[in-house]
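J.: here is a sequence with its predicted model. Questions after.
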Amino acid sequence: MDHLPALLIIAPLAGAALVFVTSRSVDRAITCITAAVITGLAVLLVARVLGGGALRYEIGGWGAPLGIDLVADGPAALFILLTAIVGSAVTAYATGYFPVTEPTRYGHGLFWTLWLFMWTSLNALFLTGDVFNVYVCLELVGISAVALVTLKGDAEALRAGGRYLFASMLAAMTYLLGVALLYSAVGQLDMEVLRDALQQPGAAASGAAVGLTLMVAALVLKTALVPAHFWLPTAHASAPTPVSAALSALVVKGSYFALLRLMLGVMPPGFLPGVDVALAVLGSIAIVWGSVQALLQSRIKQFVAYSTVAQIGYLFIVFPLARTGGDVLALALGGTLLHATAHGLAKAGLFLGAGSLMERFGHAEIARMRGAARSAPVLTAVITLAGVTMMGLPPSGGFGSKWMLISASVQAGQWWWALVLGLGGLLAAAYMFRVVAVLMADTADDVGPARAAVRLEWAPLVLAVAALFLVLAAPLVNDLVAISSLVPPGVMLP
Amino acid sequence: MSTYLIYALGGALVFAIGTYALLARRHVMHKVIGANLMGSGTFLVLIGMGNRTPDGVTDPVPQAMVLTGIVVTVALTALGLAIAKRYYSVTGLDNLDDEPSAGDRP
Amino acid sequence: MAWLPVLIPALAAVGTFVLGEDRARARNALNLGAAILTAGIVTTLAVRAYDGTVTVSTLPMLPGVDLGVHGDLTGLLFAAVASVLWCVTLVYAIGYMDHARDRARFFGFFALCISAANGVALATDPVSLFLFYEVLTLTTYPLVVHSGTAEARTAGRTYLLYALGGGTALLLGVAWLTVIAGQTPFTPGGALHAVSGHTTALRVVFGLMAAGFGVKAALMPLHGWLPGAMVAPAPVSSLLHAVAVVKAGVFGMIRLVNELYGPELASSLGVAQVLAALAAVSIVTASVIALRQDDLKKRLAYSTVAQLSYITLGVALCSPLAAAGALAHLAHHAFMKITMFFTAGSLAETLHVKKLSEMGGVARRMPLTMSAFAVAAFALAGIPPLAGFASKWLLGSGSVEADAPWALLVYVAAGALAMGYMVPILLASLRAGDRGSRTGIESDPRMLWPIVIVGAMSIILGLTAGMPGSPIHWAMTAVAPSFGGVTP
């Protein structure tokens, strides 16, 4: 039980290695088994954290400050569980998506190894308690993600992957320099130790602030916050469908989680003056800009990718609200994490559904997918239900998060964020219903639902439905938020 | 001027040059080299801070960070070069800015 | 137990989707069974509520906010109307949609709408009500765009624009209120006594919430979506736009004024008066516009706008009789208007008649249908001893009771205008015309008998007004606690 954090990293890594050395015919089976194992471990971790509080694991028995600690607190466990659920669905989908008979079309069957490797790095990223380890894990995620994006091997995929890689490298090097400067000023790398060190008077005057600013900037680039979002739409759209789902749902959450830890768990409030408001302002711009761009896209995966750009903006509203502390922080944080979870589930469902629609119709043009409601009813349902979460309508997790963030904004006296959130919901409705209306439009043909691979339709449906009712999971999310280093101890949740 | 300051300023300068190369240059190789320069600049900063401990014993942590950083950079560089090479053989282009004529597959 | 009126239609919907397009008989049986069962449960809950037992049921949801339903008299009246009319409309729709496409989708979302409407009816507090209210918007959209034509899609887009815009206003209002006052369950007489000091905030919140409800309640100028939504199939226009969706809006108004703010607070803040004025303008304007419509469904749509504002005005007058009249009219109008929309649907489907100018000879061709329509039309205009008269009498008396004689004038004028826009329909049908052939009288029996039944209800409800169990008596018992227990 106590080794759970380590097991969550070892299991997918072992799976990846096993897949790599064994023959191609058992790839799928090994990956599916590994996915099931990881999901089980994730559930155990959540139960353990809820029951016994946060878990601190010293790798190899070497503790901080020289050793690297893994920290499994509430939010970390939540993200690990999200990764497990989305990952399992994506794995199930992928077994149907990658044709067994055409291995060379998709990188010689390397998808499975790379996918498990990415899963390993994601778990490691969510569990890390050391700022330098964040760098390592970010890069591991980045390498596997880039490789997965280029899997198709055609010009578009390679170009998207290349640009993603360069953005990744820019972020990575900047982050590393930031860590170097931080270490030079404070001499510590462990997050908890850093938190105490930065609260000492005079910490702000040292080079720590410069270092932290660089780190924040790098993570913002990695999380594709406007205007650093340029690499995301092509990368997410040109990848094979299961990869797109994982990228939008999980990978962006990884760097976001690191940023959250940094801003709320390491730095005392107000350490970098103005940065929290700046982030929220950029987030608001992202919501508007991403939605407008989504409205203008003619191809379905590009449309979904821009929706991701918009939805990422919501995650940044928490920062100026965190300054108010106490109840507001808990509410805002709960709302943000609920949003991240709901968006992860719904966006994965949306991408998988969109990919299946593309397979069904043979093209990616939204305008030519009329009448899909009749010929592909399950997929139309997926798109619509996932859209409900994007719009933040009840009873979805999107609504729950919107509610909590609006309440937090009003309580903190910063009511303008509430307006942004309301506007975001309407814009999301605009771009979602534009697509849904086309799907439900009448066509002359009398095409009945075609029999498609069950996995390609039901995996996304499960995800979308889970997100649809996620507001009922809000109590669970809030319980996990309470067990974290991001909320000051002793804060009473409303 | 202390030793550390020389390393730090030198490292910062190399980092800046690398950033410029990564952002402003079009050719893929220039970008890759630029990223490596950024890394090297950071490593200089890190190495320089090794001997600033009060009791004269070198701090091993920055050196560990440099080693890890080198490894990661090598991996990224390898991937970048592989992509560049493959992209060149598919499209004949040496930069990622020009539009290749590409089709659309799910 | 209180969850059942919400759950049963939802489960029926899932079953309908799973059964698919082909198994029509199983699908119809499932829906009809669910409808009868739901109506039965609502009745049981109502009987209990009459005795004073209100069943409450909650589910933890967001921090500090639970999702809850309760079987109180006010809510059960709306739920009863929705459930009973679901049964009737199902029979009609099965006949109407006999040759249509995508019936599984149609009936499935229909059931979901009823589920959501019942949720709105039975919600314990503004947040739960908001949740079901928005779900109602979502579930009605596929029905509006059902035919998939460009016209339907435009109507759908307009509907969403209004409904989601209103929903956003409602969300902001409810969220703000919850921050100020915590979770406030609907309590007869108002639940905001503790925070009555925040006058500006309370006024703004009222405005936001009234705007949110006003969209579905078609309060002018937020009514723009309703005439366009008439492009939907007649069962949709009938049940949803005469009953479920629009009544959800006015029902929200009733909860807002009587059980959230309470009549005292609402009038002392001055917001009730503003609402009353808007409603009055709405009544007159919509009635006048109705006079000039040639398209039958559009005429009925504007009539609905006016009639809904009767209810809004009644609520805003903050007096026991007017409030009772408003709640009773919610029920009466539903029966009257649904008769008329069913008729419009029969005319369109069987005779391909959509406009008044085409209606010559219809009375000869479909005597039963048009008779039912005539009854409903006279009832709507307030002719005794029909249903509409009873509720209008209460509304009128309430205006006097509230020292607002101008409202009485509005009601009287509206009644006259109603005659003005209804009578021409009847006259048009009596004109000689080429629809008067004697072959194949009336329409499909599945469409005919529901019309006769709901038409007869206009008579029955009028004759039995005041007897226990009738909407009038029900409404009076329901609103009494909000006014200090004075039964009018």
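T.: Received the coordinates, thanks.
J.: what helix or strand is A:Ala441 located in?
T.: Using DSSP states H and E, A:Ala441 sits in no helix or strand.
J.: how many residues are close by it?
T.: As a burial measure, A:Ala441 scores 21 neighbours (other Cβ atoms under 10 Å in any protein chain shown). All C-beta spots, glycine's among them, are computed from the backbone N, C-alpha and C.
J.: distance of the residue nearest to it when sequence neighbours are not counted from chain B?
T.: Nearest in space to A:Ala441, with sequence neighbours left out and distances taken as Cβ to Cβ, 6 or more residues apart in numbering or on different chains, is A:Arg370 at 4.4 Å. Distance check for A:Arg370 against chain B: by Cβ to the nearest Cβ, to the nearest Å, it reads 18 Å.
J.: just say helix, strand or coil for A:Arg370.
T.: Secondary structure, DSSP: H, G, I helix; E, B strand; the rest coil: A:Arg370 is coil.
J.: next one: phi and psi at it?
T.: Per-residue torsions, A:Arg370: phi -60, psi 150 (degrees, to the nearest 10).
J.: who's in contact with it?
T.: A:Val438, A:Leu439, A:Ala441, A:Asp442, A:Thr443 (Cβ atoms under 8 Å, 6 or more residues apart in numbering or on different chains).
J.: pretty sure the last one sits against A:Ala373.
T.: To tie it back to what came earlier, the one meant is A:Thr443. No - between A:Thr443 and A:Ala373 there is no contact under Cβ atoms under 8 Å: 9.6 Å.
J.: what sits in contact with each of these two?
T.: Counting by Cβ under 8 Å, 6+ apart, the shared contacts of A:Thr443 and A:Ala373 are C:Gly148.
J.: more neighbours: the two, which one.
T.: A:Ala373 (26 against 14).
J.: mind telling me what element that one is part of?
T.: For A:Ala373, the host element (DSSP H and E) is helix A:372-375.
J.: now do that helix, average pLDDT.
T.: For helix A:372-375, mean pLDDT rounds to 78.
J.: same thing with stretch C:399-418?
T.: The average pLDDT within stretch C:399-418 is 84.
J.: list the contacts of it.
T.: Applying Cβ under 8 Å, 6+ apart, the external contacts of stretch C:399-418 come out as C:276, C:280, C:283-284, C:287-288, C:290-291, C:303, C:306, C:310, C:313, C:317-322, C:380-382, C:392, C:395-396.
J.: grab the nearest non-local neighbour of A:Ala364.
T.: Counting by Cβ to Cβ, 6+ apart, the nearest residue to A:Ala364 once its immediate chain neighbours are dropped is A:Arg299, at 4.3 Å.
J.: what's the burial count for the one you found?
T.: 17.
J.: now it. Its backbone dihedrals?
T.: Per degrees, to the nearest 10, the backbone of A:Arg299 is at phi -110, psi 140.
J.: quick check: it touching A:Glu365?
T.: Yes - counting by Cβ under 8 Å, A:Arg299 does reach A:Glu365; the two are 6.4 Å apart.
J.: ok, now which ones touch C:Leu172?
T.: Contacts for C:Leu172 (Cβ under 8 Å, 6+ apart) come out as A:Ile406, A:Ala418, A:Leu419, A:Gly422, C:Leu208.
J.: for the last one, list the residues it contacts.
T.: When you say that, I think you mean C:Leu208. So C:Leu208 contacts C:Ala169, C:Leu170, C:Leu172, C:Gly173, C:Trp176 (Cβ under 8 Å, 6+ apart).
J.: run through the chain and note the low-pLDDT ranges.
T.: Going with chain A. Scanning chain A with the threshold set as pLDDT under 70 gives A:1, A:64-65, A:100-108, A:203-206, A:444-455, A:487-494.
J.: to clarify, I was referring to chain C.
T.: Scanning chain C for pLDDT under 70 picks out C:196, C:434-443, C:466, C:468-469, C:484-488.
J.: how about the residues of it that lie near chain A?
T.: Taking Cβ under 8 Å from any Cβ of the partner chain as the test, the list of chain C residues beside chain A reads C:21, C:59-65, C:101-102, C:105, C:127, C:130-132, C:134-135, C:137-138, C:141-142, C:145, C:147-149, C:153, C:156-157, C:160, C:164-165, C:167-168, C:171-172, C:175-176, C:178-179.
J.: ChimeraX command for the buried members of those residues?
T.: Only the buried members of these enter the following ChimeraX selection, criterion being 16 or more other Cβ atoms under 10 Å in any protein chain shown:
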select /C:61,62,63,64,65,102,105,127,130,131,132,134,135,137,138,141,142,145,147,148,153,156,157,160,164,165,167,168,171,172,175,176,178,179
